[in-house]
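> Prediction below, plus the sequence it came from.
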Amino acid sequence: MRRSFYQQLAQDSISGKEIPRGIIRRVLTGERVNLLRLLDAAFEVREKFTGRVVKIHILNNLQNGHCPEDCHYCAQSKVSAADISRYPMKSDEEIIAEAKNAYRSGAFRYCMVFSGRCQSRKRIEHLAVLVRTIKKKYPIEVCVSPGRISREDALILKKAGLDRLNHNLNTSRRYYSRICTTHTYAERIQTLRAAQDAGLQICSGVIVGMGETTDDVIDAARALRKLHADSIPVNFFLPIRGLPIKDARGLTPEYCLRVLCVYRLLNPRAEIRIAAGREFHLRSLEALALYPANSLFLDGYLNVAGEDRMRTLRMIRDAGFTIQSEHKLDELINKNGTELPENAANRIVVKNLNKLRPAEKSQNKHSKKNRNRIK
Ligand code: SF4
(Lines give C-alpha, C1' and ligand atoms only; values in the text may rest on other atoms or scores of the structure.)
Protein backbone atom coordinates (compact mmCIF):
# COMPACT_ATOMS: atom_id res chain seq x y z
CA MET A 1 0.00 0.00 0.00
CA ARG A 2 1.20 3.47 -0.88
CA ARG A 3 2.54 5.92 1.66
CA SER A 4 -0.54 8.12 1.05
CA PHE A 5 -2.78 5.32 2.40
CA TYR A 6 -1.13 5.57 5.82
CA GLN A 7 -1.08 9.37 5.75
CA GLN A 8 -4.82 9.34 5.07
CA LEU A 9 -5.40 6.97 8.00
CA ALA A 10 -3.66 9.38 10.36
CA GLN A 11 -5.46 12.43 8.94
CA ASP A 12 -8.89 10.81 9.15
CA SER A 13 -8.29 9.64 12.68
CA ILE A 14 -7.06 13.05 13.87
CA SER A 15 -9.98 14.85 12.25
CA GLY A 16 -12.43 12.55 14.06
CA LYS A 17 -13.66 10.58 11.04
CA GLU A 18 -14.59 6.99 11.68
CA ILE A 19 -12.39 4.95 9.36
CA PRO A 20 -14.60 2.54 7.37
CA ARG A 21 -14.67 -1.12 8.33
CA GLY A 22 -13.24 -2.28 4.98
CA ILE A 23 -10.11 -0.19 5.46
CA ILE A 24 -9.68 -1.31 9.05
CA ARG A 25 -10.00 -4.93 7.91
CA ARG A 26 -7.18 -4.32 5.42
CA VAL A 27 -5.06 -2.82 8.17
CA LEU A 28 -5.61 -5.87 10.37
CA THR A 29 -5.23 -8.61 7.80
CA GLY A 30 -3.84 -7.17 4.53
CA GLU A 31 -0.73 -8.92 3.27
CA ARG A 32 0.74 -5.76 1.84
CA VAL A 33 0.57 -3.68 4.99
CA ASN A 34 3.85 -1.95 5.75
CA LEU A 35 4.11 -2.29 9.51
CA LEU A 36 6.49 0.60 10.07
CA ARG A 37 4.31 2.98 8.05
CA LEU A 38 1.24 1.81 9.95
CA LEU A 39 3.00 2.36 13.27
CA ASP A 40 4.07 5.79 12.07
CA ALA A 41 0.46 6.69 11.24
CA ALA A 42 -0.73 5.50 14.66
CA PHE A 43 2.15 7.37 16.30
CA GLU A 44 1.19 10.60 14.55
CA VAL A 45 -2.24 10.33 16.18
CA ARG A 46 -0.81 9.26 19.54
CA GLU A 47 1.68 12.13 19.56
CA LYS A 48 -0.96 14.67 18.56
CA PHE A 49 -3.23 13.83 21.51
CA THR A 50 -0.95 12.31 24.13
CA GLY A 51 2.61 13.41 23.28
CA ARG A 52 5.50 11.09 24.02
CA VAL A 53 4.35 10.33 27.51
CA VAL A 54 3.62 6.90 28.98
CA LYS A 55 1.20 6.48 31.87
CA ILE A 56 2.17 3.70 34.22
CA HIS A 57 -0.55 1.70 35.94
CA ILE A 58 -0.13 -0.66 38.85
CA LEU A 59 -2.81 -3.23 39.62
CA ASN A 60 -3.84 -4.43 43.03
CA ASN A 61 -5.83 -7.65 43.04
CA LEU A 62 -7.89 -6.80 46.15
CA GLN A 63 -9.47 -10.23 46.40
CA ASN A 64 -8.61 -13.24 44.33
CA GLY A 65 -10.74 -16.12 43.07
CA HIS A 66 -14.09 -17.51 44.33
CA CYS A 67 -16.00 -15.80 41.53
CA PRO A 68 -19.45 -17.24 40.70
CA GLU A 69 -19.25 -16.03 37.08
CA ASP A 70 -18.01 -18.23 34.23
CA CYS A 71 -15.81 -15.92 32.13
CA HIS A 72 -13.86 -18.53 30.17
CA TYR A 73 -10.68 -16.44 30.00
CA CYS A 74 -10.43 -15.71 33.71
CA ALA A 75 -8.37 -17.72 36.20
CA GLN A 76 -10.72 -16.65 39.03
CA SER A 77 -13.97 -17.92 37.51
CA LYS A 78 -16.01 -20.86 38.78
CA VAL A 79 -15.09 -22.83 35.65
CA SER A 80 -11.35 -22.30 35.98
CA ALA A 81 -9.04 -25.03 37.25
CA ALA A 82 -6.06 -22.68 37.24
CA ASP A 83 -3.72 -23.07 40.18
CA ILE A 84 -4.00 -19.58 41.67
CA SER A 85 -3.82 -18.30 45.26
CA ARG A 86 -7.33 -17.48 46.47
CA TYR A 87 -7.98 -14.97 49.25
CA PRO A 88 -10.79 -12.70 50.53
CA MET A 89 -10.50 -8.89 50.47
CA LYS A 90 -7.13 -7.60 51.67
CA SER A 91 -6.91 -5.48 54.85
CA ASP A 92 -7.08 -1.69 54.58
CA GLU A 93 -3.45 -1.50 55.74
CA GLU A 94 -2.34 -3.79 52.94
CA ILE A 95 -4.30 -1.87 50.31
CA ILE A 96 -2.97 1.50 51.47
CA ALA A 97 0.61 0.19 51.71
CA GLU A 98 0.35 -1.01 48.11
CA ALA A 99 -0.98 2.40 47.05
CA LYS A 100 2.10 3.99 48.62
CA ASN A 101 4.33 1.53 46.81
CA ALA A 102 2.58 2.24 43.51
CA TYR A 103 3.04 5.98 43.97
CA ARG A 104 6.73 5.57 44.82
CA SER A 105 7.22 3.31 41.79
CA GLY A 106 6.18 6.11 39.44
CA ALA A 107 2.62 4.94 38.81
CA PHE A 108 0.22 7.52 37.44
CA ARG A 109 -2.74 5.36 38.39
CA TYR A 110 -3.45 2.74 41.05
CA CYS A 111 -6.08 0.21 39.96
CA MET A 112 -7.98 -1.77 42.59
CA VAL A 113 -9.67 -4.86 41.20
CA PHE A 114 -12.30 -7.13 42.75
CA SER A 115 -13.34 -10.56 41.59
CA GLY A 116 -17.10 -11.23 41.59
CA ARG A 117 -20.26 -10.22 39.81
CA CYS A 118 -20.78 -7.05 41.87
CA GLN A 119 -20.13 -5.58 45.32
CA SER A 120 -22.58 -5.02 48.19
CA ARG A 121 -23.53 -1.47 49.25
CA LYS A 122 -21.53 -2.06 52.45
CA ARG A 123 -18.47 -2.99 50.39
CA ILE A 124 -18.92 0.09 48.16
CA GLU A 125 -19.05 2.32 51.24
CA HIS A 126 -15.92 0.65 52.58
CA LEU A 127 -14.25 1.17 49.22
CA ALA A 128 -15.26 4.85 49.28
CA VAL A 129 -13.42 5.29 52.59
CA LEU A 130 -10.34 3.65 51.08
CA VAL A 131 -10.46 5.83 47.96
CA ARG A 132 -10.76 8.97 50.12
CA THR A 133 -7.80 7.90 52.27
CA ILE A 134 -5.56 7.05 49.32
CA LYS A 135 -6.39 10.28 47.47
CA LYS A 136 -5.62 12.29 50.61
CA LYS A 137 -2.30 10.56 51.22
CA TYR A 138 -0.85 10.24 47.72
CA PRO A 139 -1.08 12.33 44.54
CA ILE A 140 -2.13 9.39 42.40
CA GLU A 141 -5.14 8.70 40.20
CA VAL A 142 -7.36 5.88 41.41
CA CYS A 143 -9.38 3.41 39.37
CA VAL A 144 -11.68 0.70 40.70
CA SER A 145 -12.88 -2.44 38.97
CA PRO A 146 -15.85 -3.58 41.07
CA GLY A 147 -17.80 -5.72 38.60
CA ARG A 148 -21.35 -4.57 37.85
CA ILE A 149 -22.38 -1.34 39.53
CA SER A 150 -25.48 0.86 39.77
CA ARG A 151 -25.49 4.61 39.18
CA GLU A 152 -26.12 5.17 42.92
CA ASP A 153 -23.11 3.11 43.96
CA ALA A 154 -20.95 4.74 41.28
CA LEU A 155 -22.01 8.11 42.70
CA ILE A 156 -20.82 7.10 46.18
CA LEU A 157 -17.39 6.33 44.73
CA LYS A 158 -17.33 9.50 42.66
CA LYS A 159 -18.09 11.61 45.76
CA ALA A 160 -15.21 9.88 47.54
CA GLY A 161 -12.85 11.12 44.83
CA LEU A 162 -12.65 8.11 42.53
CA ASP A 163 -11.29 9.11 39.12
CA ARG A 164 -12.17 6.17 36.94
CA LEU A 165 -14.12 2.92 36.85
CA ASN A 166 -13.04 -0.14 34.90
CA HIS A 167 -15.40 -2.67 33.34
CA ASN A 168 -14.09 -4.40 30.22
CA LEU A 169 -16.24 -5.20 27.20
CA ASN A 170 -13.70 -7.94 26.40
CA THR A 171 -15.04 -8.70 22.93
CA SER A 172 -17.88 -7.93 20.53
CA ARG A 173 -21.59 -8.21 21.32
CA ARG A 174 -21.77 -11.09 18.82
CA TYR A 175 -19.00 -13.14 20.42
CA TYR A 176 -19.80 -12.37 24.06
CA SER A 177 -21.91 -15.47 24.77
CA ARG A 178 -18.99 -17.63 23.59
CA ILE A 179 -16.76 -16.34 26.38
CA CYS A 180 -19.30 -15.95 29.21
CA THR A 181 -22.83 -17.19 29.91
CA THR A 182 -23.55 -15.88 33.42
CA HIS A 183 -23.96 -12.28 32.36
CA THR A 184 -24.47 -10.43 29.11
CA TYR A 185 -22.74 -7.85 26.98
CA ALA A 186 -25.76 -5.56 27.48
CA GLU A 187 -25.22 -5.71 31.26
CA ARG A 188 -21.60 -4.65 30.72
CA ILE A 189 -22.76 -1.64 28.71
CA GLN A 190 -25.27 -0.74 31.45
CA THR A 191 -22.46 -0.61 34.04
CA LEU A 192 -20.34 1.64 31.85
CA ARG A 193 -23.28 3.99 31.27
CA ALA A 194 -24.03 4.06 35.02
CA ALA A 195 -20.43 5.06 35.74
CA GLN A 196 -20.56 7.79 33.10
CA ASP A 197 -23.87 9.07 34.48
CA ALA A 198 -22.19 9.37 37.87
CA GLY A 199 -19.48 11.54 36.30
CA LEU A 200 -16.70 8.95 36.37
CA GLN A 201 -14.23 8.39 33.55
CA ILE A 202 -14.58 4.92 32.11
CA CYS A 203 -11.91 2.37 31.38
CA SER A 204 -13.03 -0.53 29.22
CA GLY A 205 -10.94 -2.88 27.20
CA VAL A 206 -10.71 -6.05 25.22
CA ILE A 207 -9.00 -9.41 25.20
CA VAL A 208 -7.74 -10.42 21.78
CA GLY A 209 -6.88 -14.01 20.86
CA MET A 210 -9.85 -15.91 22.32
CA GLY A 211 -10.99 -17.31 18.98
CA GLU A 212 -12.90 -14.22 17.81
CA THR A 213 -12.84 -12.98 14.22
CA THR A 214 -11.15 -9.78 13.08
CA ASP A 215 -14.64 -8.28 12.70
CA ASP A 216 -15.21 -8.92 16.42
CA VAL A 217 -11.99 -7.05 17.19
CA ILE A 218 -13.21 -4.17 15.02
CA ASP A 219 -16.73 -4.22 16.52
CA ALA A 220 -15.34 -3.95 20.04
CA ALA A 221 -13.10 -1.02 19.00
CA ARG A 222 -16.08 0.75 17.44
CA ALA A 223 -18.29 0.07 20.46
CA LEU A 224 -15.66 1.68 22.70
CA ARG A 225 -15.49 4.64 20.35
CA LYS A 226 -19.26 5.01 20.59
CA LEU A 227 -19.05 4.89 24.37
CA HIS A 228 -16.28 7.54 24.37
CA ALA A 229 -14.16 5.29 26.57
CA ASP A 230 -11.47 7.36 28.26
CA SER A 231 -9.17 4.42 28.60
CA ILE A 232 -8.86 1.17 26.64
CA PRO A 233 -6.69 -1.66 27.92
CA VAL A 234 -5.87 -4.02 25.05
CA ASN A 235 -5.12 -7.47 26.49
CA PHE A 236 -3.65 -10.33 24.50
CA PHE A 237 -5.05 -13.58 25.82
CA LEU A 238 -2.75 -15.47 28.19
CA PRO A 239 -3.55 -19.20 28.12
CA ILE A 240 -3.05 -19.96 31.81
CA ARG A 241 -3.19 -23.73 32.40
CA GLY A 242 -6.65 -24.74 33.66
CA LEU A 243 -8.73 -22.18 31.73
CA PRO A 244 -11.62 -23.30 29.49
CA ILE A 245 -10.02 -21.42 26.57
CA LYS A 246 -6.89 -23.44 25.98
CA ASP A 247 -4.88 -21.46 23.43
CA ALA A 248 -4.27 -17.93 22.30
CA ARG A 249 -5.39 -17.95 18.68
CA GLY A 250 -3.90 -15.97 15.83
CA LEU A 251 -1.57 -13.82 17.91
CA THR A 252 1.76 -12.93 16.38
CA PRO A 253 3.81 -9.90 17.45
CA GLU A 254 2.88 -8.19 14.18
CA TYR A 255 -0.86 -8.87 14.56
CA CYS A 256 -0.76 -7.53 18.15
CA LEU A 257 0.84 -4.32 16.86
CA ARG A 258 -1.75 -4.00 14.12
CA VAL A 259 -4.53 -4.39 16.71
CA LEU A 260 -3.01 -1.64 18.86
CA CYS A 261 -2.77 0.63 15.79
CA VAL A 262 -6.44 -0.01 14.95
CA TYR A 263 -7.51 0.81 18.51
CA ARG A 264 -5.52 4.06 18.34
CA LEU A 265 -6.85 5.03 14.92
CA LEU A 266 -10.46 4.38 15.93
CA ASN A 267 -10.07 5.93 19.40
CA PRO A 268 -7.60 8.75 18.77
CA ARG A 269 -7.97 10.56 22.08
CA ALA A 270 -8.28 7.54 24.36
CA GLU A 271 -5.60 6.22 26.66
CA ILE A 272 -4.66 3.01 24.84
CA ARG A 273 -2.98 0.57 27.23
CA ILE A 274 -0.78 -2.37 26.31
CA ALA A 275 -2.21 -4.71 28.94
CA ALA A 276 -1.85 -8.41 29.76
CA GLY A 277 0.21 -10.43 27.28
CA ARG A 278 2.52 -7.52 26.46
CA GLU A 279 5.70 -9.43 27.17
CA PHE A 280 4.39 -12.85 26.13
CA HIS A 281 2.92 -12.01 22.73
CA LEU A 282 4.83 -8.95 21.52
CA ARG A 283 8.18 -10.52 22.33
CA SER A 284 11.06 -8.69 20.58
CA LEU A 285 8.67 -6.09 19.12
CA GLU A 286 7.44 -4.94 22.52
CA ALA A 287 8.96 -1.44 22.43
CA LEU A 288 7.18 -0.72 19.12
CA ALA A 289 3.85 -0.98 20.96
CA LEU A 290 4.61 2.37 22.57
CA TYR A 291 4.03 4.03 19.20
CA PRO A 292 0.26 3.39 19.15
CA ALA A 293 -0.19 2.95 22.94
CA ASN A 294 0.47 5.52 25.65
CA SER A 295 0.06 3.45 28.75
CA LEU A 296 1.06 0.10 30.27
CA PHE A 297 0.96 -1.97 33.43
CA LEU A 298 4.12 -2.20 35.50
CA ASP A 299 4.53 -5.21 37.81
CA GLY A 300 2.32 -7.69 36.01
CA TYR A 301 -1.37 -8.48 35.83
CA LEU A 302 -4.02 -9.99 38.07
CA ASN A 303 -2.63 -13.52 38.33
CA VAL A 304 0.24 -13.46 35.88
CA ALA A 305 3.62 -11.96 36.72
CA GLY A 306 5.07 -9.37 34.36
CA GLU A 307 8.62 -8.63 33.35
CA ASP A 308 11.12 -7.05 35.68
CA ARG A 309 10.04 -3.45 36.33
CA MET A 310 13.48 -1.99 35.54
CA ARG A 311 13.46 -3.66 32.14
CA THR A 312 10.10 -2.01 31.38
CA LEU A 313 11.23 1.42 32.57
CA ARG A 314 14.41 1.17 30.51
CA MET A 315 12.39 0.10 27.48
CA ILE A 316 10.30 3.29 27.79
CA ARG A 317 13.39 5.47 28.01
CA ASP A 318 15.34 3.64 25.30
CA ALA A 319 12.44 4.09 22.87
CA GLY A 320 12.50 7.86 23.47
CA PHE A 321 9.45 8.22 25.72
CA THR A 322 9.01 9.58 29.20
CA ILE A 323 6.48 8.94 31.98
CA GLN A 324 3.72 11.06 33.50
CA SER A 325 4.63 10.98 37.14
CA GLU A 326 5.92 13.13 39.98
CA HIS A 327 9.02 10.93 39.76
CA LYS A 328 11.54 11.28 36.99
CA LEU A 329 12.11 8.21 34.82
CA ASP A 330 15.91 8.49 35.15
CA GLU A 331 15.66 8.72 38.93
CA LEU A 332 13.47 5.60 39.09
CA ILE A 333 15.98 3.71 36.99
CA ASN A 334 19.05 4.96 38.85
CA LYS A 335 17.44 4.38 42.27
CA ASN A 336 17.74 0.67 41.73
CA GLY A 337 21.42 0.88 40.97
CA THR A 338 21.08 -0.86 37.62
CA GLU A 339 22.67 2.02 35.76
CA LEU A 340 25.92 2.12 37.73
CA PRO A 341 28.91 1.57 35.43
CA GLU A 342 30.37 -1.20 37.59
CA ASN A 343 27.11 -3.18 37.31
CA ALA A 344 27.00 -2.64 33.58
CA ALA A 345 30.58 -3.88 33.30
CA ASN A 346 29.65 -7.02 35.26
CA ARG A 347 27.08 -7.88 32.64
CA ILE A 348 29.65 -7.92 29.82
CA VAL A 349 31.02 -11.44 29.53
CA VAL A 350 34.21 -12.11 27.57
CA LYS A 351 33.96 -15.29 25.48
CA ASN A 352 36.16 -18.19 26.50
CA LEU A 353 37.98 -20.44 24.03
CA ASN A 354 35.11 -22.99 23.87
CA LYS A 355 32.75 -20.26 22.74
CA LEU A 356 35.27 -18.72 20.33
CA ARG A 357 36.26 -22.00 18.66
CA PRO A 358 33.35 -24.47 19.17
CA ALA A 359 34.14 -26.39 15.97
CA GLU A 360 37.76 -26.80 16.90
CA LYS A 361 36.68 -28.40 20.18
CA SER A 362 34.46 -31.02 18.51
CA GLN A 363 37.13 -31.67 15.85
CA ASN A 364 39.65 -32.36 18.60
CA LYS A 365 37.31 -34.84 20.22
CA HIS A 366 36.73 -36.51 16.88
CA SER A 367 40.40 -36.83 15.98
CA LYS A 368 41.18 -38.12 19.52
CA LYS A 369 38.57 -40.87 18.99
CA ASN A 370 40.13 -41.77 15.64
CA ARG A 371 43.61 -41.88 17.15
CA ASN A 372 42.33 -44.27 19.86
CA ARG A 373 40.77 -46.49 17.22
CA ILE A 374 44.07 -46.63 15.26
CA LYS A 375 45.95 -47.62 18.39
S1 SF4 B 1 -16.60 -11.50 36.76
FE2 SF4 B 1 -14.45 -10.82 36.79
S3 SF4 B 1 -13.44 -12.09 38.35
FE4 SF4 B 1 -15.39 -13.06 37.85
S5 SF4 B 1 -14.88 -14.58 36.31
FE6 SF4 B 1 -15.52 -12.71 35.20
S7 SF4 B 1 -13.61 -11.56 34.85
FE8 SF4 B 1 -13.17 -13.13 36.42
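In hand now; what should we look at? The structure presented is a predicted model; accordingly, all values stated were derived computationally and were not measured.

> Skipping its backbone neighbours, what lies nearest the residue in the stretch 251-375 of the chain positioned nearest to the ligand in space?
Residue of the stretch 251-375 of the chain nearest the ligand, by CB to the nearest ligand atom: Leu302 (8.2 Å). Backbone N, C-alpha and C define where each C-beta goes, glycine included. In space, Leu302 comes closest to Asn61 once its chain neighbours are excluded; the distance is 4.9 Å by CB to CB, 6 or more residues apart in numbering.

> what's across from the one you found in the sheet?
Assessed by DSSP bridges, Asn61 has beta-bridge partners Val113.

> My reading is that Tyr110 is in a strand; is that accurate?
Yes: counting by DSSP: H, G, I helix; E, B strand; the rest coil, Tyr110 falls inside a strand.

> Gly161 and Lys135 touch, don't they?
Yes: Gly161 lies in contact with Lys135 (CB atoms under 8 Å); the separation is 4.2 Å.

> So which of these two has more stuff around it?
In this view Gly161 and Lys135 are compared by other CB atoms under 10 Å, and Lys135 has more residues nearby, 18 against 14.

> Next, the contact list for the more buried one, please.
142, 160-161 (CB atoms under 8 Å, 6 or more residues apart in numbering).

> Need those in JSON lines (columns: distance to the ligand and secondary structure).
Below are those laid out as JSON lines (distance: CB to the nearest ligand atom, whole Å; DSSP: H, G, I helix; E, B strand; the rest coil):
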{"residue": "Val142", "distance to the ligand": "19", "secondary structure": "strand"}
{"residue": "Ala160", "distance to the ligand": "22", "secondary structure": "coil"}
{"residue": "Gly161", "distance to the ligand": "24", "secondary structure": "coil"}
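
> What's the separation between Arg21 and Phe236?
Applying CB to CB, to the nearest Å, the value for Arg21 to Phe236 is 22 Å.

> Next: Ile316.
Separation of Ile316 from Phe236 (CB to CB): 19 Å.

> picking that back up, list the residues that contact both of Gly161 and Lys135?
The overlap between the contact sets of Gly161 and Lys135 (CB under 8 Å, 6+ apart) consists of Val142.

> that older thread, how many residues are close by the residue nearest to Leu302?
Neighbours of Asn61 using other CB under 10 Å come to 22.

> and it, what does it touch?
So Asn61 contacts 113, 115, 302-303 (CB under 8 Å, 6+ apart).

> where does this protein dip in pLDDT?
Low-confidence segments of the chain (pLDDT under 70): 336-344, 361-375.

> interface residues of it facing the ligand?
Residues of the chain that fall close to the ligand, judged by CB under 6 Å from any ligand atom: 67, 69, 71, 74, 76-77, 115-117, 147.

> Pick out whichever of Arg21 and Phe236 has more residues nearby.
Neighbours were counted for Arg21 and for Phe236 using other CB under 10 Å; Phe236 has more, 25 against 12.

> my guess is the more buried one meets Gly209, correct?
Yes: contact criterion CB under 8 Å: Phe236 and Gly209 qualify, at 5.4 Å.

> Mutual contacts of those two, please.
Counting by CB under 8 Å, 6+ apart, the residues touching both Phe236 and Gly209 are 248, 251, 277, 281.

> Distance-wise, check Ile207 relative to Leu298.
20 Å.

> Those two: which has the busier surroundings?
Remark: of Ile207 and Leu298, Ile207 carries more neighbours, 26 against 22, as counted by other CB under 10 Å.

> picking up where we left off before, neighbour-wise, which of the residues of the chain next to the ligand leads?
With neighbours defined as other CB under 10 Å, the most crowded of the residues of the chain next to the ligand is Cys74; it has 25 neighbours.

> wait, what's in contact with that one?
With contact set as CB under 8 Å, 6+ apart, Cys74 has these partners: 67, 80, 243.

> who are the neighbours in contact with the most centrally placed residue in the chain?
Centrality entry for the chain: nearest residue to the mean C-alpha point is Ala275, 0.7 Å, by CA atoms, centre = their mean. Neighbouring residues of Ala275 by CB under 8 Å, 6+ apart: 205, 233-236, 296-297, 301.

> Recalculate using a threshold of 7 Å.
By CB atoms under 7 Å, 6 or more residues apart in numbering, the contact set of Ala275 is 205, 233-235, 297.

> do Ile156 as well
124-125, 128.

> rerun that using 10 Å as the cut-off
121, 124-125, 127-128, 131, 149-150, 162, 198 (CB atoms under 10 Å, 6 or more residues apart in numbering).

> Widest-spaced pair of the residues you listed?
Val131 and Ser150 (17.0 Å; CB to CB).

> Compare the two and say which is more crowded by neighbours.
Neighbours per residue (other CB under 10 Å) separate Val131 from Ser150, with Val131 holding more: 24 against 17.

> Chain neighbours aside, what residue packs nearest to that one?
Nearest non-adjacent residue to Val131, counting by CB to CB, 6+ apart: Ala160, 4.4 Å away.

> I figured that neighbour was touching Ala198, is that so?
No: the pair Ala160 / Ala198 is not scored as a contact, 11.3 Å apart, by CB atoms under 10 Å.

> my read: Asp153 touches Glu125, true?
Yes: with contact defined as CB under 10 Å, Asp153 reaches Glu125; the gap is 9.0 Å.
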